[in-house]
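**Q** pasting a predicted model and its sequence here:
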Amino acid sequence: MTKRLFKALMTSAVLGLSAGGAYAAECIAPANPGGGWDFTCRQIGKIMFDIGAVDKPVQVTNMAGAGGGLAFTHVVTERGDDADLIVAASSATSTRLAQDAYAGMTADQVRFVGAIGADPGVIVVAADSPYQSLNDLVEAIKANPGELAFAGGSAVGGFDHLKPLMVLQRAGVTDVTAVKYIGVDGGADAITQTVGGFTAAMSGDMSEIVGFLKSGDVRALAVLTEERVPGFDDIPTAKEQGIDVVAVNWRGLYIPKDVSDDTFNMWAERLQQVADSDEWAEAMAANGLAPFTKVGGDFQSYVDEVVAEIRTLSKEIGVIQ
C-alpha cells in the first residue's frame, strides 16, 4: 500500500468516525496545540463529556493561521449552519475583529455563546510608586498626559495598550492619543520597565504579575473585573473606584451564525453546565483563571459593546482608519 493511499484511507476513516457520530461535536482551536484557544477547546470539551452535558466526546481540531482569522473565515464561508461546531475564542478574537484584522470579516457573522473564565486585566505600579490608587494615577495623567507612560506585553494597538486607554477614557481623559505606551515582549519585560522607573505603570494580565506581587516588586492598583478576584481580595476593581471598565482576557466560544435559536440555547446551556461544575473550578484554579461567566444573549451584547469600544479607540490612536 502506498503512503498516499494509506493517508487517504486514514483521512476517510477519521471523517467517517466524525460523520458516523463518534463525536458529539467538533471544537476548532484557531491555533496550534498549546496556548489559550487549545486549552479552551480541550478543557471545555472534556468537561462537557465528563459531566454528561454531551453524550459523546468533543473532537478538537487545531486550525492555526492569521491570528484566528483562518478559522473564523472557515466557519463563516463553509460551516455557516453547522449545529455541531463550536470554536474557541478570547479577547484577542474581539480585538482583531474590531480592528478589521480578519480580512473584512465582522463580529456579527458568528454567534458568541459565552465566556466562563478569564485572565483578569490589571494595572500595576512599582512598589515604591507614589500612586496609591487608580484614581491617583489617572489624575496625574490628566495633569500631564504626555509625561507618564504605560508598559505592556502587546504591540501598539494590542489589548494591553487598549486596557489603560479604556480606563482613561471612562475617567474623562479626552485625548488618549497623548498617553504614551511602550510595547515590549511579554508581561515580565513590561513589569521590568515599570519597576525600573521607565514607565509609570504596567498594563497586563493577572497571571503575569502573580510572582511579582508575591516578591513585593509591584503593587496592583486595580483589577479590571466585575468583582474582586478570589485569592487576590486586597486588589480593588476599577469599577469600585468609580471607573466602569471590565477588561479581561476571557475564554469562551462562538458558533456559526445560521444555526437555530434552539441550537444557540443548547450550546449556551451546555457551557453554563461547565461553568457551574467542580471540574471547571478546578481547571480554573490550576490555570490561573478567574470567574467570568457571561453566557447566552448577555455575552453577545458584551462582545458587541467591546468591539464597538475597541474600534473607536483603535481609530483614535491610528491603528485603523
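**A** On my side now, so go ahead.
**Q** what's around residue 314, how many residues?
**A** Using other CB atoms under 10 Å, residue 314 has 20 other residues around it. Just so you know, the C-beta spots here come from the backbone N, C-alpha and C atoms, and that holds for glycine as well.
**Q** with residue 114 instead?
**A** 29.
**Q** contacting residues for it?
**A** Going by CB atoms under 8 Å, 6 or more residues apart in numbering, residue 114 touches 252, 253, 268, 271, 272, 275, 293, 294, 295, 296, 299.
**Q** ok, the residues you listed vs residue 62, which is closest?
**A** residue 253 (15.6 Å; CB to CB).
**Q** can you give me the helices in this structure?
**A** Ranges of helices within the chain are 3-19, 36-50, 69-78, 91-98, 134-143, 159-170, 187-195, 206-215, 261-275, 278-287, 297-316, based on DSSP state H.
**Q** nearest to residue 121, of those helices?
**A** Nearest of these (CB to CB): helix 159-170, 4.9 Å.
**Q** in that closest one, what counts as buried?
**A** 159, 160, 161, 162, 163, 164, 165, 166, 167, 168, 169, 170 (16 or more other CB atoms under 10 Å).
**Q** still on that earlier bit, could you export the contacts of residue 114 as CSV, including pLDDT?
**A** Formatted as CSV, the contacts of residue 114 follow (pLDDT from 0 to 100):
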residue, pLDDT
252, 97
253, 98
268, 98
271, 98
272, 98
275, 98
293, 94
294, 95
295, 97
296, 96
299, 94
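**Q** before we move on, the earlier item: out of the buried residues of helix 159-170, which comes closest to residue 70?
**A** The shortest gap between residue 70 and any of the buried residues of helix 159-170 belongs to residue 159, at 20.1 Å (CB to CB).
**Q** wait, that closest one touches residue 91, no?
**A** Yes: here residue 159 reaches residue 91: they are 5.6 Å apart, a contact under CB atoms under 8 Å.
**Q** need the overlap of contacts for the two.
**A** 247, 249.
**Q** residue 173 - how many residues pack around it?
**A** Close neighbours of residue 173, defined as other CB under 10 Å, add up to 17.
**Q** could you report the pLDDT at it?
**A** According to the prediction, residue 173 has pLDDT 91.
**Q** for it, which non-adjacent residue is spatially closest?
**A** Spatially, and ignoring its direct neighbours in sequence, residue 173 is nearest to residue 142 (6.0 Å; CB to CB, 6 or more residues apart in numbering).
**Q** contacts only, for that neighbour.
**A** 171, 172, 173.
**Q** give me the distance between the last one and residue 290.
**A** To residue 290, residue 173 is 27 Å away according to CB to CB, to the nearest Å.
**Q** same check on residue 200?
**A** Residue 200 sits 25 Å away from residue 290, going by CB to CB.
**Q** still on that earlier bit, out of the helices of the chain, the one nearest residue 127 is which?
**A** helix 187-195 (7.7 Å).
**Q** show me what that closest one is packed against.
**A** Helix 187-195 is packed against strand 110-126, strand 149-152, strand 201-205, helix 206-215, strand 218-223, with contacts defined by 3 or more CB pairs under 8 Å, 6 or more residues apart in numbering; DSSP states H and E.
**Q** and that helix, C-alpha only, in PDB?
**A** Below are the C-alpha coordinates for helix 187-195, written out as PDB (Å, rounded to 0.1, in the frame of the first residue of the first chain):
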ATOM      1  CA  GLY A 187       4.500  40.900  30.700                       C
ATOM      2  CA  ALA A 188       7.700  40.300  32.500                       C
ATOM      3  CA  ASP A 189       9.500  42.800  30.400                       C
ATOM      4  CA  ALA A 190       6.700  45.300  30.900                       C
ATOM      5  CA  ILE A 191       7.000  44.900  34.700                       C
ATOM      6  CA  THR A 192      10.800  45.400  34.400                       C
ATOM      7  CA  GLN A 193      10.100  48.700  32.600                       C
ATOM      8  CA  THR A 194       7.800  49.800  35.400                       C
ATOM      9  CA  VAL A 195       9.900  48.600  38.300                       C
END
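**Q** fine by me, we can end here.
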